[in-house]
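Colleague: model the following, please.
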Amino acid sequence: MRKLSMDELNRLTVADFKNTRKFPLTLVLDNVRSLHNVGAAFRTADAFAVEKIWLCGITGRPPHRDITKTALGSTESVAWEYAPTTLEALHQLKAAGYVLVAVEQTTESILLADFIIAADQPYALVMGNEVFGVEDEVLALCDAAVEIPQFGTKHSLNVSVAAGVVLWEFISKLEKSV
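Modeller: Residues are numbered from 1 along each chain as shown. You can find the predicted model right below:
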């Protein structure tokens, strides 16, 4: 066994990536404070060919050296937009036909594995602040909430880790439904 070389990985150029088919998924960062989490979200969005990232409220925006350091160039490949509030972004997404899904533990959240995905529907996945989670008024606008099962002493995962887990689950289900 050996690691594959960069040539063998056959990665797309940024220009080719921008023109390739994306999954009907948008990541919404609701007041995420850590610039490293923002950079990691970009890198994850690139890896999973996500349509776009919405950076909302206090969430940092490129170009910033702490975002760039973690993103490893993905701020150039992944489409992104800024909204002063998460509600503003979600109203635009809802008007465009997206199903708004909060990644949060709520009284009505569904375990991630049990969430049913419609292949013909675009989804906006809302990731909350590292301390306070998804804001209450944002939750009120969401169509559903999913939670990642956890079995240890902590009740949450890092925002960027949670984004990777949720995106992978959604993409796995989308791939099976096609």
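Colleague: please make it C-alpha for all contacts and neighbour counts, starting now.
Modeller: Noted.
Colleague: residues of the helix or strand harbouring residue 91 that come out buried?
Modeller: Assigned by DSSP states H and E, residue 91 falls within helix 86-95. Under the neighbour-count criterion of 16 or more other CA atoms under 10 Å, helix 86-95 has 86-87, 89-90, 93-94 buried.
Colleague: which elements pack onto that helix?
Modeller: If you count contacts as 3 or more CA pairs under 8 Å, 6 or more residues apart in numbering; DSSP states H and E, helix 86-95 packs onto strand 23-30, strand 50-56, strand 99-103, helix 136-141.
Colleague: so which of those gets nearest residue 170?
Modeller: Smallest distance to residue 170 across the helices and strands packed on helix 86-95 (CA to CA): 8.4 Å, for strand 23-30.
Colleague: tell me what the helix ranked longest in the chain is packed against?
Modeller: Once the chain is assigned using DSSP state H, the helix that runs over the most residues is helix 159-177. With contacts taken as 3+ CA pairs under 8 Å, 6+ apart, helix 159-177 sits against helix 35-47.
Colleague: would you mark the buried spots in the helix it packs on?
Modeller: Under 16+ other CA under 10 Å, the buried positions of helix 35-47 are 35-46.
Colleague: poorly predicted segments of the chain, please.
Modeller: Within the chain, the ranges that satisfy pLDDT under 70 run 178.
Colleague: so which residue is dead centre in it?
Modeller: Note on the chain: the residue nearest the mean C-alpha position is residue 27, at 3.2 Å, using CA atoms, centre = their mean.
Colleague: quick one: contacts for the nearest residue to residue 21 once chain neighbours are set aside?
Modeller: The shortest distance from residue 21 to any non-neighbouring residue, by CA to CA, 6 or more residues apart in numbering, is to residue 49 (7.7 Å). By CA atoms under 8 Å, 6 or more residues apart in numbering, the contact list for residue 49 reads 21-23.
Colleague: residue 135 now?
Modeller: Going by CA under 8 Å, 6+ apart, residue 135 touches 30, 128.
Colleague: which residues touch stretch 108-125?
Modeller: With contacts defined as CA under 8 Å, 6+ apart, stretch 108-125 is touched by 24-28, 93, 97-103, 144-149, 166, 169-170, 173-174, 177-178.
Colleague: of those, buried ones?
Modeller: 24-28, 93, 98-103, 144-148, 166, 170, 173-174.
Colleague: thinking again about what came up before, and the residue nearest to residue 21, how far from residue 140?
Modeller: Taking CA to CA, to the nearest Å as the measure, residue 49 falls 28 Å from residue 140.
Colleague: would you reformat the buried residues of helix 35-47 as CSV and include distance to residue 75?
Modeller: Formatted as CSV, those follow (distance: CA to CA, whole Å):
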residue, distance to residue 75
35, 12
36, 13
37, 13
38, 10
39, 8
40, 10
41, 10
42, 6
43, 8
44, 11
45, 10
46, 9
